[in-house]
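Colleague: got a predicted model here, sequence first, then my questions.
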Amino acid sequence: MIDHPMKGLSVEPVVRSPLREEIRKVLLDGLISGRWEPGERIVERRLAAELQVSQAPVREALRELETLRLVESAPNKGARVRGFTPDDLREVYQVRAGLEETATRLGRPSVAALRAHVARLHAAAAAGSLEDQVRHGVAFHREIVAASGNALLVSVWESLGVEVWTHVSIRLFRMRPHENAADHEPLVEAFDRDDPGVGRLLHDHVLAYAP
């Protein structure tokens, strides 16, 4: 692992993925950890120097984050972290809820796989790991979306940046981490009994986390 002077952030050696993706991960980690606060400028040249890369892949990674509405740029001013509002987050959750509800009409996920994700959620909560809670929670929902068998739906859902927005919502809009392992159990039971109302249950479950 190659360490860089980025407040404890680190970058894996670039061996399996494009350099742009590695830089994108560093930027996302910085947004999640609070290295860059809303309204703060991300200096392309400075970041490139820290990572010992050219500015081109940094610029490409910033453009990708702009499509996620995490950063914004202006001519001659560079990139800046967006000033997030509850409305921004609510819009993401509304779209996500609709996509996941649609996914349940197209396919059914493995109940065993869902139970495994919930078990990992409980373990992460017991260990006090917010990062793992978010990761396993997103994996639970990804299981449902993937089971739809609809590649376009999956692509749109992934493009929402669910994991990043979840971290942002916890860091900016909640006073304390929200342990939500138990909230997923009714969904598992609904899928297990092939409840025709599982789509609406899932929709409401997702919206319950919007500010």
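Modeller: Noted; the coordinates are in hand.
Colleague: SS state for the spatially most central residue of the chain?
Modeller: The residue lying closest to the centre of the chain (Cα atoms, centre = their mean) is Glu163, at 1.4 Å. With DSSP: H, G, I helix; E, B strand; the rest coil as the basis, Glu163 sits in helix.
Colleague: ok, and the closest non-adjacent residue to it?
Modeller: Val138 (4.7 Å; Cβ to Cβ, 6 or more residues apart in numbering). All C-beta spots, glycine's among them, are computed from the backbone N, C-alpha and C.
Colleague: can you name every helix or strand that the host helix or strand of that neighbour contacts?
Modeller: Using DSSP states H and E, Val138 sits within helix 130-146. When contacts are defined as 3 or more Cβ pairs under 8 Å, 6 or more residues apart in numbering; DSSP states H and E, helix 130-146 sits against helix 86-106, helix 111-127, helix 151-159, helix 162-173, helix 181-192.
Colleague: so of those, which one's packed in deepest?
Modeller: helix 162-173 (a mean of 20; mean count of other Cβ atoms under 10 Å).
Colleague: would you put the C-alpha positions of that one in CSV?
Modeller: Presented in CSV, the C-alpha positions along helix 162-173 are these (Å, rounded to 0.1, in the frame of the first residue of the first chain):
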residue,chain,number,x,y,z
VAL,A,162,-25.6,5.2,-2.8
GLU,A,163,-22.7,4.3,-0.4
VAL,A,164,-21.2,7.8,-0.6
TRP,A,165,-24.5,9.6,-0.2
THR,A,166,-25.3,7.4,2.8
HIS,A,167,-22.0,8.4,4.5
VAL,A,168,-22.7,12.1,3.6
SER,A,169,-26.2,11.9,5.1
ILE,A,170,-24.9,10.4,8.3
ARG,A,171,-22.1,12.8,8.7
LEU,A,172,-24.0,16.0,7.8
PHE,A,173,-27.6,15.4,8.8
